[in-house]
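Peer 1: A predicted structure for the sequence below; I have some questions about it.
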Amino acid sequence: MIPASLQSQYTPLARPPSAARPAHVLLACTGSVASIKVPLMVQALLKYAHVHVHVVATKASLHFFDKDSLSPAPYTTSDLAALNRAAGTPEEAALHAQVPRVCVWTDEEEWSSWTQVGDPVLHIELRRWADLVLIAPCSADTLAKICHGLCDNVLTSFLRALSPSTPTWLFPAMNTLMYLHPFTAPQLEQVQTQLGYQVYGPISKRLACGDLVGTGAMCEWKDIVAMVVDHFGLQL
Amino acid sequence: MIPASLQSQYTPLARPPSAARPAHVLLACTGSVASIKVPLMVQALLKYAHVHVHVVATKASLHFFDKDSLSPAPYTTSDLAALNRAAGTPEEAALHAQVPRVCVWTDEEEWSSWTQVGDPVLHIELRRWADLVLIAPCSADTLAKICHGLCDNVLTSFLRALSPSTPTWLFPAMNTLMYLHPFTAPQLEQVQTQLGYQVYGPISKRLACGDLVGTGAMCEWKDIVAMVVDHFGLQL
Amino acid sequence: MIPASLQSQYTPLARPPSAARPAHVLLACTGSVASIKVPLMVQALLKYAHVHVHVVATKASLHFFDKDSLSPAPYTTSDLAALNRAAGTPEEAALHAQVPRVCVWTDEEEWSSWTQVGDPVLHIELRRWADLVLIAPCSADTLAKICHGLCDNVLTSFLRALSPSTPTWLFPAMNTLMYLHPFTAPQLEQVQTQLGYQVYGPISKRLACGDLVGTGAMCEWKDIVAMVVDHFGLQL
């Protein structure tokens, strides 16, 4: 049972969302080659109206895409905390019009933004903000961390602090033999039954590592975008 | 069953402890905001007679306090090993009078102090030394590591090598929603039933992250100090 | 059930192996003091004919031996991928005559060798290559990672992607009290029953940390070499 004070304070979303209350999509990405699709997903989502995207990237995921390619505007944990404080107040709509539509957060911001008691904590502010969480791609290592409660970076700390009432979709992406490893199936089962996540995929295709067709690939990125569009009723 | 050669070799403690045989308190601290209380706990303990405190700090915990604020004297793994070798011998009392009353150990010392076979291993020397272990604060991540036998730093290596006969008190400290996460309760149960740790707290209060009153805060640091004073019968 | 396309493509091994098809031994070593024995094991194996050794070293293991002492020749992930592509073709024998007999791989190569889709992935190429895997020594931390599916470095990623049909021998090496920790026995049981690994040792001897005789030491390195010699029928 989550105390009311810990639930989202934002104005409930309309369908479609509005300029005053856009949808908040948190895209968490990890050290799988499929992270090369992160910029494509972000750019496709931003073509729709009234949706904001915050990318939370592990250090390993940044090997696969250039965060600057997402052109994130300067935005700090304090800015995010100010928006969260305005949630449910008359200022919420005005602030939504001012904030950037895309941000990228890494472990660096998690630590640099906290210097004394009272400063906002990034993974907590992200939890307050998110309407929908995509873990896309979810690597074998991050899946294992989630299943054991490990939280050694901003992505897994965010997930550990996330309210069970926030819908969370997990898109596994790993080499076929990693996927066939005896621990994968029970761990994917565990995140569904114990944590309430939805798991989509993996699918079968030629993998980046050169293995012939096998199961383990992330769902097609266009399908993931379409699911988000459908979930919120986004419009172009 | 722990072989006799692996049990503490130190002279049994009197109540209260003496100058010749002070109490050895090992304070293990982790990446929770409550680590800001570490210097307060150390300074309060040192006001009592005949108690020595070794702080074992994870890298993340050092974001929350300045180890130099504890004014640790120069002291090396070799010095600690020399004291441990003197345990139970006539030299033990004289060495106890010479060693600093407070030390801070980090992963840096763990690796820098070992260069060849025969050199002392820090986490093993700490295990030989400790009369009482406080994990205060214990973050969600360190709790998860302990519960799965992971030992990737000096703190968790020390705990993995600790004799079950050494009393170990664990003081959880985490955000309320991290505490409410489905894995926290079973993990706190597991450290008690499988590892024999005592768990105290967390308590309810306004948290550093700004959440309204919720459970997850570390026990009051003064209460932790009082428990140690009571355990050893320390006197001012 | 492993798809045929994911099984080893190499010419089956003769007994003893031949110049055209030498045995491929993958020696995975971790952060235990017993890693000081890695160069001895490699040099002893290379005295035999028609055996190649690839060492996969965690960062912590490199505290205990100098990888340059193994005199590895320059060899890249692309070179290894080329050999793997030649497996089962007429070029396999010629390439085997050209490649170095010993390589050392670390996390650095894992990341530096991948810059775009289509580039070979080191832990996948190693999986394709290995005829026999030795985890020697296996530290308490790496054992725990394996048992929970964690794969945050090239060694554990390789193991997570390894075909169950590749024989894998695990040689634990840890301090006696780490070995006596309640989680060690079930984890050693788990790698055998759930992952099909063979566990050998640990044995009782005086440990590097100075503890008197206790169980936890890695099997004698000469015995490990003898097991490999026997497994493949190697000849001097």
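Peer 2: Now that the structure is in, tell me what you want to look at.

Peer 1: What residues does chain A have near chain B?
Peer 2: Chain A has residues A:2-3, A:5-6, A:81, A:111, A:114, A:117-118, A:120-121, A:124, A:127, A:148-152, A:157, A:160-163, A:194-195 near chain B, with proximity defined as C-beta under 8 Å from any C-beta of the partner chain. Where you see a C-beta, it was placed from the backbone N, CA and C, and this is true even at glycine.

Peer 1: Please narrow the residues you listed to those residing in helices.
Peer 2: A:Ala81, A:Trp111, A:Ile124, A:Arg127, A:His148, A:Ser157, A:Arg160, A:Ala161 (DSSP state H).

Peer 1: Just to be sure, A:Ala28 is in a strand?
Peer 2: Yes. If the criterion is DSSP: H, G, I helix; E, B strand; the rest coil, then A:Ala28 is within a strand.

Peer 1: For burial, what's the neighbour tally of it?
Peer 2: Neighbour count of A:Ala28, defined by other C-beta atoms under 10 Å in any protein chain shown: 27.

Peer 1: Contacts only, for it.
Peer 2: Contact analysis of A:Ala28 by C-beta atoms under 8 Å, 6 or more residues apart in numbering or on different chains lists A:Val55, A:Val56, A:Val133, A:Leu134, A:Ile135, A:Ala136, A:Leu155, A:Phe158, A:Leu159.

Peer 1: how far away is the residue nearest the centre of chain A from chain C?
Peer 2: Compute the mean C-alpha point of chain A, and by C-alpha atoms, centre = their mean the closest residue is A:Leu27, 2.6 Å away. Using C-beta to the nearest C-beta, to the nearest Å, one gets 20 Å for the distance from A:Leu27 to chain C.

Peer 1: Next: A:Ala73.
Peer 2: Distance of A:Ala73 to chain C, computed by C-beta to the nearest C-beta: 28 Å.

Peer 1: Could you do A:Glu189 as well?
Peer 2: From A:Glu189 to chain C the distance is 13 Å (C-beta to the nearest C-beta).

Peer 1: quick one: secondary structure of that residue?
Peer 2: Secondary structure, three-state DSSP: A:Glu189 is helix.

Peer 1: How many neighbouring residues does it have?
Peer 2: Neighbour tally, A:Glu189, other C-beta under 10 Å: 12.

Peer 1: if we can go back for a sec, list buried members of the ones in helices among the residues of chain A next to chain B by neighbour count.
Peer 2: A:Ala81, A:Ile124, A:Arg127, A:His148, A:Ser157, A:Arg160, A:Ala161 (16 or more other C-beta atoms under 10 Å in any protein chain shown).

Peer 1: which residues touch the residue nearest to the centre of chain A?
Peer 2: Taking C-beta under 8 Å, 6+ apart, one finds A:Val38, A:Met41, A:Val42, A:Val53, A:His54, A:Val55, A:Val56, A:Leu134, A:Ala136 in contact with A:Leu27.

Peer 1: Check the secondary structure at the second one for me.
Peer 2: Classification of A:Met41 into helix, strand or coil gives helix, according to three-state DSSP.

Peer 1: so it makes contact with A:Ala226?
Peer 2: No. Using C-beta atoms under 8 Å, A:Met41 makes no contact with A:Ala226, being 10.7 Å away.

Peer 1: These two: who's more crowded?
Peer 2: A:Met41 (21 against 13).

Peer 1: Touching, A:His50 and A:Ser18? I think so.
Peer 2: Yes. A:His50 lies in contact with A:Ser18 (C-beta under 8 Å); the separation is 5.8 Å.

Peer 1: mind checking how far the longest helix seen in chain A is from the chain centre?
Peer 2: Ranked by residue count under DSSP H, the longest helix found in chain A is helix A:221-232. In terms of C-alpha atoms, centre = their mean, to the nearest Å, the centre of helix A:221-232 is found 13 Å from the chain centre.

Peer 1: what about chain A, any weak spots by pLDDT?
Peer 2: Residues of chain A meeting the criterion pLDDT under 70: A:1-2, A:4-5, A:206-213.

Peer 1: that older thread, and the contacts of A:Ala28 as TSV, adding neighbour count and secondary structure?
Peer 2: Formatted as TSV, the contacts of A:Ala28 follow (neighbours: other C-beta atoms under 10 Å in any protein chain shown; DSSP: H, G, I helix; E, B strand; the rest coil):
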residue	neighbour count	secondary structure
A:Val55	25	strand
A:Val56	30	strand
A:Val133	24	strand
A:Leu134	26	strand
A:Ile135	26	strand
A:Ala136	27	strand
A:Leu155	29	helix
A:Phe158	23	helix
A:Leu159	28	helix
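
Peer 1: could those residues go into JSON lines alongside distance to chain C?
Peer 2: Output for those, formatted as JSON lines (distance: C-beta to the nearest C-beta, whole Å):
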{"residue": "A:Val55", "distance to chain C": "20"}
{"residue": "A:Val56", "distance to chain C": "18"}
{"residue": "A:Val133", "distance to chain C": "21"}
{"residue": "A:Leu134", "distance to chain C": "21"}
{"residue": "A:Ile135", "distance to chain C": "16"}
{"residue": "A:Ala136", "distance to chain C": "17"}
{"residue": "A:Leu155", "distance to chain C": "13"}
{"residue": "A:Phe158", "distance to chain C": "18"}
{"residue": "A:Leu159", "distance to chain C": "16"}
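
Peer 1: Tell me the one of those nearest B:Pro167?
Peer 2: Nearest to B:Pro167, judged by C-beta to C-beta, of these is A:Leu159 at 33.5 Å.

Peer 1: pretty sure that closest one contacts A:Ile146?
Peer 2: Yes. Contact criterion C-beta under 8 Å: A:Leu159 and A:Ile146 qualify, at 6.0 Å.

Peer 1: picking up where we left off before, A:His50 and A:Ser18: which has the busier surroundings?
Peer 2: Using other C-beta under 10 Å, the more surrounded residue of A:His50 and A:Ser18 is A:His50, with 19 against 15.

Peer 1: got the contact list for the more buried one?
Peer 2: A:Pro16, A:Pro17, A:Ser18, A:Ala19, A:Arg21, A:Pro22, A:Ala23, A:Leu234, A:Gln235.

Peer 1: again, but for A:Trp129
Peer 2: A:His24, A:Leu26, A:His54, A:Leu80, A:Leu83, A:Asn84.

Peer 1: Neighbour-wise, give me the winner out of these.
Peer 2: Most surrounded of the contacts of A:Trp129: other C-beta under 10 Å gives A:Leu26, at 26 neighbours.
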